[in-house]
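Colleague: Need coordinates for the following:
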Amino acid sequence: MKERVRLSAFIYMVFAALLPLNQAFKLSDGLTINKITGLLIMVVCGLTVLYRSKGKLKIPQEVLPVILFAIWIFFTSAWSVGDLGLPINLLGSFLMLLSCLFIQFNQKEIFFIKAMLIVVYAAFSVYIVFIASENALRATFSSETGESDPNALALVLAAGLLVAVDFFFENKYKLLSLACIAFIGIAVLMTGSRTGIIAVLIAVFCYMIVNAKKKSKKTIRVFIVIAVLVFTILFLIDKGMINTETLDRLTLTSVKDSGGNGRWEIWKIYLKAFFDNPARMLFGYGTGTAHEITYMFSGRKVSSHNDYLLYATTLGLVGLTLFLTIIIRFIRKGIQSESAISVALLSILVVGCMGINYFEKKDAFNLLIMAWQFACIKNVTRLKTKEHATCEIDK
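Modeller: Below is the predicted model of the structure:
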């Protein structure tokens, strides 16, 4: 049967492509584009999974920690030190994730997902480079109804950059891919996000490592792509097209002087709360109690800017273990399927969760979706090749 792009994949393409606009454009009732498209994915993919499984849904080992983590998040509301309330938005993100983990996109769908992603992200990056960067020190999307967080935007674009790198190697559209890589890379730089830039560097390194393990010639080609990107950035700096004040934020001196924008002091508060009580250390203070915790131990309400500390304090060692298990299981799946792009995308998630409260954003869940889908398609293709058969996926 000939592969085709199904409705579920098309809706997912739209969702993933519009992620850079998260929080920038809101409707009158507070809804965002991402919430609407995420809801559509959850409904369409969920119904598709239920129809195809016919009541016999097999849960892969990698998915089980996701389910357990979601259950634990809502279970800890029972002993929350704050107001009893379940994070409904987070529930929707988990359902969207699970819907996409139980449905497998075929090779044609993966191709169009990658293509749409890098072209749309490159178009957004052109706007950031030539327009948004002129209006603020840290370029981002903004409107009368909201503004995208520069750090989260940088991480979204970082994912697009890695997909563009992978697309460069996997397909014949070399010049288009290089142009997209250049614009997206410059846009990440112009967001002024230290977290985003570190994520890009580590993700590219992980991509190279996996390819080197396969003894792939792609490792050398990655150096060529990096060289093109670096020389492009240096050229723009020389021509005065990149704001030097933005570059100053990226220096070690700036990080030291600002204390990571106060992160060091904030992290100390969370560590103090974590070690204060053995029972709380194990089971946490309850879901969504970050502000209550910091008020208890410092007299002010501040976000953690670090998901590992956040889940250690709010969900305890049990919750933190489940959270780390999710990431480790997904990385292992990427390594086993020899999918460099899958491992690279997950490294962006790992870094993002270190510098900001990232995991509860829809683009962080999307990194898990993409990493899973790319690892699955690589694994299926590899198995079919060994069997000397044509690839017919998810008919």
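Colleague: measure L346 to V44 for me?
Modeller: Distance, L346 to V44, using Cβ to Cβ, to the nearest Å: 25 Å. Every C-beta, even on glycine, is put in place using the N, C-alpha and C of the backbone.
Colleague: Look at those two and report which has more neighbours.
Modeller: More neighbours surround L346 than the other of L346 and V44, with 27 against 19 (other Cβ atoms under 10 Å).
Colleague: Check what pLDDT the more buried one gets.
Modeller: We have a pLDDT of 97 for L346.
Colleague: backbone phi and psi for it, please?
Modeller: phi -70, psi -30 (degrees, to the nearest 10).
Colleague: Contact partners for it?
Modeller: Contact partners of L346, counting by Cβ atoms under 8 Å, 6 or more residues apart in numbering, are 327, 330-331, 334, 367-368, 371.
Colleague: again, 10 Å this time
Modeller: L346 makes contact with 203, 206, 326-328, 330-335, 367-368, 370-372, 375, according to Cβ atoms under 10 Å, 6 or more residues apart in numbering.
Colleague: Among those residues, which ones are in strands?
Modeller: Secondary structure from DSSP state E places none of the contacts of L346 in strands.
Colleague: Give me the buried entries from those.
Modeller: 203, 206, 326-327, 330-331, 333-335, 367-368, 370-372, 375 (16 or more other Cβ atoms under 10 Å).
Colleague: tally of neighbours for the nearest residue to L98 once chain neighbours are set aside?
Modeller: Leaving aside its sequence neighbours, L98 sits nearest to V66 (Cβ to Cβ, 6 or more residues apart in numbering; 6.6 Å). Neighbours of V66 under the rule other Cβ under 10 Å: 24.
Colleague: hmm, who's touching the helix or strand harbouring V66?
Modeller: Using DSSP states H and E, V66 sits within helix 64-75. Residues outside helix 64-75 that contact it (Cβ under 10 Å, 6+ apart) are 59-60, 86-87, 90-91, 93-95, 97-98, 101, 283-284, 286-288, 311, 314-316, 318-330, 359-360, 365, 368, 372.
Colleague: how does it look with 8 Å?
Modeller: Among residues not part of helix 64-75, those counted as contacts by Cβ under 8 Å, 6+ apart are 59, 86-87, 90-91, 94, 97-98, 101, 287, 315, 318-319, 322-323, 325-326, 329, 368.
Colleague: Just the CA atoms from that helix would do, formatted as CSV, please.
Modeller: What follows is helix 64-75, C-alpha atoms only, in CSV (Å, rounded to 0.1, in the frame of the first residue of the first chain):
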residue,chain,number,x,y,z
LEU,A,64,5.2,3.4,31.1
PRO,A,65,7.3,6.0,33.0
VAL,A,66,5.3,8.7,31.2
ILE,A,67,2.1,7.3,32.5
LEU,A,68,3.4,6.8,36.0
PHE,A,69,4.9,10.3,36.2
ALA,A,70,1.5,11.8,35.1
ILE,A,71,-0.3,9.7,37.8
TRP,A,72,2.2,10.8,40.4
ILE,A,73,1.8,14.5,39.5
PHE,A,74,-1.9,14.4,40.2
PHE,A,75,-1.5,12.0,43.2
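Colleague: so how far is it from its chain's centroid?
Modeller: From the chain centre to the centre of helix 64-75 is a distance of 19 Å (Cα atoms, centre = their mean, to the nearest Å).
Colleague: Off-centre distance for stretch 32-49?
Modeller: How far stretch 32-49 lies from its chain's middle: 18 Å, per Cα atoms, centre = their mean.
Colleague: Sorry, slip of the keys, the one I care about is stretch 27-43.
Modeller: Stretch 27-43 has its C-alpha centroid displaced from the chain centroid by 18 Å (Cα atoms, centre = their mean).
Colleague: Lowest average confidence across helices and strands of the protein, where is it?
Modeller: The helix or strand of the chain with the lowest confidence, counting by mean pLDDT, DSSP states H and E, is helix 244-248 at a mean of 57.
Colleague: residue contacts, the nearest residue to S53 once chain neighbours are set aside?
Modeller: Here the nearest residue to S53 in space, its sequence neighbours aside, is F102; by Cβ to Cβ, 6+ apart that works out to 7.5 Å. For F102, the contact set (Cβ under 8 Å, 6+ apart) comprises 45, 49, 53, 57, 63.
Colleague: Leaving aside the residues adjacent along the chain, what's closest to the last one?
Modeller: Excluding its sequence neighbours, the residue lying closest to V63 (Cβ to Cβ, 6+ apart) is L101, at 5.3 Å.
Colleague: Please look at that neighbour and A371 and confirm they touch.
Modeller: No - the pair L101 and A371 fails to qualify as a contact (Cβ atoms under 8 Å) at a distance of 10.5 Å.
Colleague: Show me the shaky parts of this structure.
Modeller: Within the chain, the stretches falling below the threshold (pLDDT under 70) are 1, 28-30, 55, 83-87, 214-261, 379-395.
Colleague: Which parts of it are strands?
Modeller: Along the chain, the stretches classed as strands by DSSP E are 142-143, 146-147.
Colleague: Distance from the first one to the middle of the chain?
Modeller: Taking Cα atoms, centre = their mean, one finds strand 142-143 lying 22 Å from the centre of the chain it belongs to.
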